[in-house]
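Chemist: The sequence and its predicted three-dimensional model are supplied below.
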Amino acid sequence: MIKTSTKSNAAYAGFSTRGIAIFFVAAAALPLLLTPYQTFQWTMIIGYAIALLGLNILMGYNGQISLGHGAFYAVGAYISGILMEHFGMPYVWTIPCAALGGFVAGFLFGLPALKLENLYLALATFGLAFAMPQLLKYRALEDWTGGVEGITIMKPEVPFGLPITQDQWLFYLSLFVALLMFVLARNLLQGRIGRAIVAVRDHPVAASAMGVNLVMLKSFTFGVSAMYTAIAGALSTICVQYVSPDSFSLFLSITFLVGAVIGGLATLSGPVFGAILIGLLPNFAEQVSKSASGAVYGVLLIACVYVMPSGIAGVLASLRSKIRKPAIPQSSISSEETI
């Protein structure tokens, strides 16, 4: 459950939309200012933002806990890699295939698992994340997955003779896909299905009484969440040109959880901030202390949670609300409500 004051509710929606627009406009100029490695780094951050958006739909808007979204990231990554390596499919077309595969995997997993609640669901998804690397190494699947060696693919060429580098092209491809997915998420969450998703989180008994099939809606939401994460996985394979089981350890799922929470749950801009944090913070921690980068990383995360309990998006929305609105007498401020 996420609590916020009444006066900040509207700020969340307005800031999310404008924050996303500002981010994508600014991001379009990044490849022209960055080195090839930095361009690659920001391309991965865009992929993380898509994955965190999927996790945010599940956790922030539907109230379900997942510790296993790294597994769906792996599903999308391997679907893309297998289709390119074994079937010669153009890399662009592997992205919708990964989306379909991620949705099916998430929906089928959600049907039985989402009958569980809270910690039991978290434990089930934890088991999925823990088992996925071993499943990808399974000998019967080695001909497809490449076993422990993984799959290596060629770096995509720049199409249409565009005067940009391959890294810049992959950045713009990822940015376009991310923009599309954020628009789809916004439309979904503002429609009838989105209202039902939030209603199931806030008042499941009332939602059920109004005819909402809780299990099917939760499974659908889990499928959509997994679809987003699988798309991010497919983009990672295309950008890195390599996929292996050890890339999808339990730590990846925990990293996604950290990014979703610190970025800001139940907001559309939160995944953007969370992706930037999980993409850049480890490098910053290593620059501070190479011998104790893990300790620095942990301390910084604790500081973020302590200083920003509502996430980065929540803090910025609150500041924006205070700047734009005049002070309200204490007696007229309504009590907190659950969103």
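Modeler: Looks like it came in fine.
Chemist: tell me, what residue is most central in the chain?
Modeler: When the chain is reduced to its mean C-alpha position, the closest residue under C-alpha atoms, centre = their mean turns out to be L52, at 1.5 Å.
Chemist: That residue contacts F256, doesn't it?
Modeler: Yes - with contacts counted by C-beta atoms under 8 Å, L52 reaches F256, the gap being 6.3 Å. To be clear about C-beta, it is placed using only N, CA and C from the backbone, and glycine gets the same treatment.
Chemist: ok, which stretches of the stretch 201-339 of the chain are strands?
Modeler: All strands of the stretch 201-339 of the chain, identified by DSSP state E, counting those that start in this stretch, fall at 242-243, 337-338.
Chemist: mind listing what's buried in stretch 166-183?
Modeler: Taking 16 or more other C-beta atoms under 10 Å as the neighbour-count basis, stretch 166-183 is seen to contain the buried residues 166-175, 177-179, 181-182.
Chemist: Output it as PDB, restricted to C-alpha atoms.
Modeler: Coordinates of the C-alpha atoms in stretch 166-183 are reproduced here as PDB (Å, rounded to 0.1, in the frame of the first residue of the first chain):
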ATOM      1  CA  GLN A 166      25.600   1.600 -35.000                       C
ATOM      2  CA  ASP A 167      25.500   2.500 -31.300                       C
ATOM      3  CA  GLN A 168      23.500   5.700 -32.100                       C
ATOM      4  CA  TRP A 169      21.100   3.700 -34.200                       C
ATOM      5  CA  LEU A 170      20.500   1.200 -31.400                       C
ATOM      6  CA  PHE A 171      20.000   4.100 -29.000                       C
ATOM      7  CA  TYR A 172      17.300   5.600 -31.200                       C
ATOM      8  CA  LEU A 173      15.700   2.200 -31.800                       C
ATOM      9  CA  SER A 174      15.400   1.600 -28.000                       C
ATOM     10  CA  LEU A 175      14.200   5.200 -27.500                       C
ATOM     11  CA  PHE A 176      11.400   4.700 -30.000                       C
ATOM     12  CA  VAL A 177      10.300   1.400 -28.500                       C
ATOM     13  CA  ALA A 178      10.400   2.900 -25.000                       C
ATOM     14  CA  LEU A 179       8.300   5.900 -26.100                       C
ATOM     15  CA  LEU A 180       5.700   3.500 -27.700                       C
ATOM     16  CA  MET A 181       5.600   1.400 -24.500                       C
ATOM     17  CA  PHE A 182       5.100   4.400 -22.200                       C
ATOM     18  CA  VAL A 183       2.300   5.700 -24.400                       C
END
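Chemist: Right, I'll call it a day here.
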